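1. I would like the atomic coordinates for the input below:
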Amino acid sequence: MATFADGTPVPKDGKYHVDPTNPMSQIKYCEPWYPPGVTEFLSGGNTAHLGLFPNGTVLKYAWEKEDRHMLHSLSVEHAILSALGQHDRLVKYLGKHEHGLLLHRALNGDIRSYMSKHEHISPQLRQKWITQAAEALAFIHLNGVIHCDIHPNNFLLDEELNVQLCDFAGSLFGSLDGGAMESTRYCLPRDWRDPPNITSDLFAFGSFMYYIMTGREPYADLSDDDVKAKFEQKLFPDVELLQFGSVIKGCWAGDFKRADDVLEAILAASIVES
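-> Below is the predicted model of the structure:
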């Protein structure tokens with residue numbers, strides 16, 4: 001059942017309704033559908049669902065067939081993934097399908113889901129993820145792409161637990177604009193009309209690193225409004241005792257101008273196994 005944030009059901013009339021707890025959010029109920037050949041539903045987001053074909057290929061498709069915004073987002077993602085090409089740190093794009101985009105399945109899901117299912121994550125694995133995620137961000141920035149929605153859900157893990165950045169449906173690339181905005185704990189404080197940019201991606205990456213190192217969102221126990229207020233005052237969680245704490249702090253403070261600089265700082269703070 002589709003519900004608003006307070007748990008009340010969304011009317012099944014196909015119309016948009018304002019969320020009672022968030023006037024900026026509108027939701028409408030759509031009957032779920034599966035493109036022909038899809039045998040398993042994997043997950044869903046704001047604009048698209050992920051379905052699985054019997055051969056193991058993933059289909060990303062609009063959860064409402066005719067919605068122009070959702071179809072536009074998929075076209076943006078197709079253009080960006082096509083322009084970026086194949087890269088070890090990106091989700092593997094297999095091309096267009098009549099109902100969406102074909103992707104190689106990352107067998108270990110996304111980082112947030114993996115961490116929620118595995119109590120012990122070694123320091124070495126956390127370091128590997130942070131380094132590889134920075135490599136991904138540096139690569140897309142070098143090629144003119146702003147991701148606009150950096151968080152643990154959008155970093156996938158393959159069979160060897162290597163990182164692959166995904167979900168470019170809301171990204172910026174030249175004249176293409178998917179229209180995404182970071183969630184509260186990953187959002188650089190700014191005028192809401194200001195589009196995401198390299199600095200906002202790096203700010204979000206600081207929060208991503210914090211999550212990897214602690215297993216928690218920044219200020220996980222506070223409301224979104226309280227988190228926003230703290231960020232606006234440049235008040236951030238204490239990271240002094242964390243490996244990569246200075247890098248996280250630098251991302252939040254805007255000290256880095258390029259993702260390459262973040263990657264360099266991560267490598268400098270990394271522990272080399274003997």
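
2. what ranges do the helices span in the chain?
-> 68-84, 111-117, 123-142, 198-214, 224-232, 245-253, 259-269 (DSSP state H).

3. what stretches of the protein score poorly on pLDDT?
-> Applying pLDDT under 70 to the chain flags the ranges 1-2, 5, 14, 21-25, 28-31, 272-274.

4. Please name whichever of the helices of the chain is nearest to His17.
-> Distance to His17, taken as Cβ to Cβ, is lowest for helix 68-84 among the helices of the chain, at 16.5 Å. The C-beta positions use only the backbone N, C-alpha and C, and glycine is treated the same way.

5. Next, the angle from that closest one to helix 123-142.
-> Calculated by axes from the mean of the first three to the mean of the last three Cα atoms, to 10 degrees, helix 68-84 forms an angle of 100 degrees with helix 123-142.

6. got a list of contacts for helix 68-84?
-> 47-48, 60-64, 90-91, 93, 96, 100-101, 139-140, 143, 145, 167-171, 173, 176-179 (Cβ atoms under 8 Å, 6 or more residues apart in numbering).

7. Mind listing what's buried along it?
-> Met70, Leu71, His72, Ser73, Leu74, Val76, Glu77, His78, Ala79, Ile80, Leu81, Leu84 (16 or more other Cβ atoms under 10 Å).

8. do stretch 225-239 as well
-> Val227, Lys228, Lys230, Phe231, Phe236, Pro237, Val239.

9. Contact partners for the closest residue to the second one other than its chain neighbours?
-> The one in question is Lys228. Distance criterion Cβ to Cβ, 6 or more residues apart in numbering; nearest residue to Lys228, sequence neighbours excluded, is Thr184 at 5.9 Å. Residues in contact with Thr184 (Cβ under 8 Å, 6+ apart) are Asp224, Val227, Lys228.

10. Pro195: which of these is nearest?
-> Pro195 has its nearest neighbour among the contacts of Thr184 in Lys228, at 18.3 Å by Cβ to Cβ.

11. any chance of the buried residues of helix 68-84 in a markdown table, plus distance to Phe256?
-> Putting the buried residues of helix 68-84 into a markdown table (distance: Cβ to Cβ, whole Å) gives the following:
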| residue | distance to Phe256 |
| --- | --- |
| Met70 | 34 |
| Leu71 | 35 |
| His72 | 31 |
| Ser73 | 28 |
| Leu74 | 32 |
| Val76 | 26 |
| Glu77 | 26 |
| His78 | 30 |
| Ala79 | 27 |
| Ile80 | 23 |
| Leu81 | 26 |
| Leu84 | 22 |
